[in-house]
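Visitor: Whatever this is, show me its structure:
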Amino acid sequence: MTHAFRRTLLPFGLSMLALGGLSACDRPTAPATQPPAAEASKQASWPSFVDQFIEESFTRSPPFAVVSGRHEFDGQLPDWSAEGIQKTVAWLEKARTEADGFSDESLSHDQRFQRDYVIAYIDKELFWTRDARSPFTNVTYYFDHGLDPSTYVTVPYAPLDQRLRAFNAYAKAIPGALAQIRANLKTPMPRTFIGYGVAGFNGFADFYRKDIPTVFADVKDESLQAELKQVLEPAAKAMADMASWLESQRAQATEDFVLGPERFAAMLRMTEGVTTPVDRLEAIGRADLERNLAALADACKQYLPNASIKACVQKQEANKPEGGAVAGARTQLPMLRQFLVDHDIVSIPGTEEAKVEEAPAYNAQNAAYINIPGPYEKNMPSVYYIAPADPKWTKAEQEAYIPGNANLLFTSVHEVWPGHFLQFLHSNRSSWRFGQLMVGYAFAEGWAHYTEEMMIEEGLAKDDPERHIGQLLNALLRNVRYVCAIGLHTQGMTVADCEKMFVEKAYKDAGNARQQAARGTYDPAYLNYTMGKLMIRKLRSDWQAENPGKSIKQFHDQFLSYGGPPVPLVRTQMLKGRGGELF
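Guide: Model (predicted):
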């Protein structure tokens, strides 16, 4: 299954959840001497700089503000004109220069970490917006930067009439926004990008026409209902027209999605702080793939002796959750939470629970994800969404798409306990707002993927090889993503080659394999699941060597206290010296 989590609006399906600032007990104490006046002034002005940066981020991306819980921005969309995007790039470049101007000598220990974190975030945004030119080359950019109205529809942050007012303003802005998007996108486009866009824009059109009137049916304000009727069909038509325009581009579609070796290496450096040569990264990833394939073979010998691995996987996948995946996940979450408590694995700072629902059609290309309210929200539910199979697939493909119980269990681990949802519980109790809002891809997905294998190590599959197989299938999925990302973008691998690898090495069904291979073209950073996991495992090993008397719970709590910066930056905080080797 495809996993993602949704909150803040960043490239490629990552709505970032927010984690916290540094925990005081794990940081060196600042010197007792008073800094000179100029340095004291810099220390005092640093929080103001960060606050201004956050507010400007909200102004330039109102949907980011909305999903973070700042509802004075409700209904607004970004300026997606070419001129507006260039102004944002210029602002980011200026902000980076200003952040870099805060010297080590002028900042406290905590502020130096924060400065490096802010610069890392800006570099990531500059890469995708300026260097990769995603707004002009990659239709998925817009799905991840504000087109989704789910906050107004699914988050009960205000009475329904207030949310309808916000949705109406959003819908009214859609035709103009789509005109900007269409003007930006350069043609011809890669085939897989077109496929994503056609499915997504048609999904929005259907969602507006079929679901929105029902969602807001109980609003009694006649003027709001009249306005909804007035704005809804133009918005739906704009979405459908956009899908039709993209469909018309299929005849001239290309396979020209490749970043190339230099830009791929720049992506790793600017978005995750990883400077390891790509060829070495590939060797590291392939070694982890082989490790997990060997573990799968061993688990299958216990689960289904004298049978092929394919037959073993098929048996596990045939054990479907009763009532479907949504019902199955609902039964799994209480058990997983209790397992964390019973085994003292990580702190659970709150009593919140996550709901489980079927994903809406417009986002069904993410087979499983969690929508987490932002740090400005109070007492709002998180929703773990699981998508149904594509109704256009064959009946056999639709049935195969539903995961087996064990496979689904580790999707639930990833999304909720102790994956993304637990990150949210830590994050919204953080003292540093920037750390709550800006979380990197490898940190978040690396943590969620890391927890799957960690839960096996802590005994979740004890005497249960079927569960272990479920975990390994999730790991192999991420392993193949890792290898495909490097192969597709640096080595001439074709989408068909990648799809075949998902079938043969990750044991994916045909529908999942198609989705996963296509995703590698428009989400070249989806190697971050495995890359992040491997960096966290290495960090844990090094931290345990330096702290032999401390528990794994202490490691997890400390790791989650830093926010979501690149993992290499976390290493500099948790280990002596400057952190050492990443892998």
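
Visitor: From here on, just use CA atoms for contacts and neighbour counts.
Guide: Will do.

Visitor: Only the buried residues of stretch 476-496, if you could.
Guide: When neighbours are counted by 16 or more other C-alpha atoms under 10 Å, the buried residues of stretch 476-496 are found to be 476-490, 493-495.

Visitor: Centre of the chain to it, how far?
Guide: Average the C-alpha atoms of stretch 476-496, do the same for its chain, and the two points are 19 Å apart (C-alpha atoms, centre = their mean, to the nearest Å).

Visitor: Kindly report the same for stretch 420-439.
Guide: On C-alpha atoms, centre = their mean, the centre of stretch 420-439 falls 14 Å from the chain's centre.

Visitor: Ends of it, what's the gap?
Guide: With C-alpha to C-alpha, to the nearest Å as the measure, the first residue of stretch 420-439 is 11 Å from its last.

Visitor: which residue sits closest to residue 266 in space, ignoring its chain neighbours?
Guide: If you skip the residues right next to it in sequence, residue 266 has residue 127 as its closest partner in space, 8.0 Å away by C-alpha to C-alpha, 6 or more residues apart in numbering.

Visitor: quick one: pLDDT of that neighbour?
Guide: We have a pLDDT of 98 for residue 127.

Visitor: got it, and the one 4 residues further on?
Guide: For residue 131, the model assigns a pLDDT of 98.

Visitor: That one - how many residues pack around it?
Guide: 13 (other C-alpha atoms under 10 Å).

Visitor: gap between it and residue 437?
Guide: Applying C-alpha to C-alpha, one obtains 23 Å for the distance of residue 131 from residue 437.

Visitor: so how far is stretch 487-502 off the chain centroid?
Guide: For stretch 487-502, the separation from the chain centroid amounts to 22 Å (computed by C-alpha atoms, centre = their mean).

Visitor: who's in contact with it?
Guide: Outside stretch 487-502, the residues within contact range by C-alpha atoms under 8 Å, 6 or more residues apart in numbering are 257-261, 264, 477, 480, 484, 508, 513-514, 516-518, 520-521, 524.

Visitor: hang on, the earlier thing: unless I'm mixing things up, the residue nearest to residue 266 is touching residue 271, no?
Guide: Yes - with contacts defined as C-alpha atoms under 8 Å, residue 127 counts as touching residue 271 at a distance of 7.2 Å.

Visitor: Would you enumerate the residues in contact with residue 390?
Guide: Contacts were defined as C-alpha under 8 Å, 6+ apart; by that measure residue 390 touches 364, 398.

Visitor: Let's see that with 10 Å instead.
Guide: Applying C-alpha atoms under 10 Å, 6 or more residues apart in numbering, we find residue 390 in contact with 361, 364, 365, 397, 398, 401, 511.

Visitor: Also residue 305?
Guide: Residue 305 is in contact with 298, 299, 312, counting by C-alpha under 10 Å, 6+ apart.

Visitor: From residue 307, how far out is the first one?
Guide: Residue 298 is 12 Å from residue 307, where distance means C-alpha to C-alpha.

Visitor: of the two, who's got more company?
Guide: With other C-alpha under 10 Å as the criterion, residue 298 and residue 307 differ in neighbour count, and residue 298 comes out ahead with 15 against 11.

Visitor: helix, strand or coil for residue 577?
Guide: For residue 577, the assignment made with DSSP: H, G, I helix; E, B strand; the rest coil gives coil.

Visitor: The one 4 residues further on too?
Guide: Using three-state DSSP, the secondary structure recorded for residue 581 is coil.

Visitor: Surely it and residue 539 touch.
Guide: Yes - proximity of residue 581 to residue 539 meets the contact threshold set by C-alpha atoms under 10 Å, at 9.0 Å.

Visitor: Now do the shared contacts for these two.
Guide: Taking C-alpha under 10 Å, 6+ apart as the contact criterion, the common neighbours of residue 581 and residue 539 are 568, 571.

Visitor: which of those two has more neighbours?
Guide: When residue 581 and residue 539 are compared on other C-alpha under 10 Å, the one with more neighbours turns out to be residue 539, at 25 against 12.

Visitor: Tell me how far that one lies from residue 294.
Guide: Relative to residue 294, and taking C-alpha to C-alpha, residue 539 is found at 24 Å.

Visitor: Tell me how many other residues crowd residue 55.
Guide: Residue 55 has 12 nearby residues by other C-alpha under 10 Å.

Visitor: Show the average pLDDT along the helix or strand hosting it.
Guide: With elements taken from DSSP states H and E, the one containing residue 55 is helix 37-60. Model confidence over helix 37-60, given as mean pLDDT, is 89.

Visitor: cool, and stretch 79-90?
Guide: Per-residue pLDDT values across stretch 79-90 average out to 98.

Visitor: what sits up against it?
Guide: When contacts are defined by C-alpha under 10 Å, 6+ apart, stretch 79-90 is touched by residues 56-57, 59-62, 78, 91-96, 122, 125-127, 129-130, 133, 135-136, 142, 145, 176-184.

Visitor: Write the ChimeraX selection for whichever of the residues you listed are buried.
Guide: If you want just the buried ones from the contacts of stretch 79-90 in ChimeraX, going by 16+ other C-alpha under 10 Å, the selection is:
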select :57,59,60,61,62,78,91,92,93,95,96,122,125,126,127,129,130,135,136,142,145,176,177,178,181,184
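
Visitor: Of the contacts of stretch 79-90, which belong to helices?
Guide: When the contacts of stretch 79-90 are checked against helices (DSSP state H), the matches are 56-57, 59-60, 62, 91-96, 122, 125-126, 135-136, 142, 176-184.

Visitor: residues near residue 323, how many?
Guide: Residue crowding around residue 323 was assessed by other C-alpha under 10 Å; the count is 8.

Visitor: Then it would be within a helix, right?
Guide: No - when the secondary structure is assigned by three-state DSSP, residue 323 falls in coil instead of a helix.

Visitor: quick one: it and residue 405, what's the gap?
Guide: For residue 323, the distance to residue 405 - C-alpha to C-alpha - is 11 Å.

Visitor: what pLDDT does residue 34 get?
Guide: Reading off the per-residue confidence, residue 34 sits at a pLDDT of 52.

Visitor: which regions of this structure sit below the pLDDT cut-off?
Guide: Under the criterion of pLDDT under 70, the regions of the chain flagged as low confidence span 1-40, 362, 365, 578.

Visitor: how is it carved up into domains?
Guide: Following automatic domain parsing, the chain resolves into domains at 31-107+133-252, 261-534.

Visitor: which one of the ones you listed is the most hemmed in?
Guide: domain 261-534 (a mean of 20; mean count of other C-alpha atoms under 10 Å).

Visitor: would you list the domains of the chain in JSON lines and tack on distance to residue 543?
Guide: Putting the domains of the chain into JSON lines (distance: least, C-alpha to C-alpha, whole Å) gives the following:
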{"stretch": "domain 31-107+133-252", "distance to residue 543": "25"}
{"stretch": "domain 261-534", "distance to residue 543": "14"}
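
Visitor: if you look at the buried residues of stretch 476-496, which of them are in strands?
Guide: Nothing among the buried residues of stretch 476-496 maps onto strands, per DSSP state E.

Visitor: the strands in the protein, which residues?
Guide: With strands called from DSSP E, the chain shows them at 3-6, 354-358, 368-371, 382-386.

Visitor: and the helix holding residue 55, what does it pack onto?
Guide: Helix 37-60 is packed against helix 62-68, helix 82-100, helix 109-126, helix 433-437, with contacts defined by 3 or more C-alpha pairs under 10 Å, 6 or more residues apart in numbering; DSSP states H and E.
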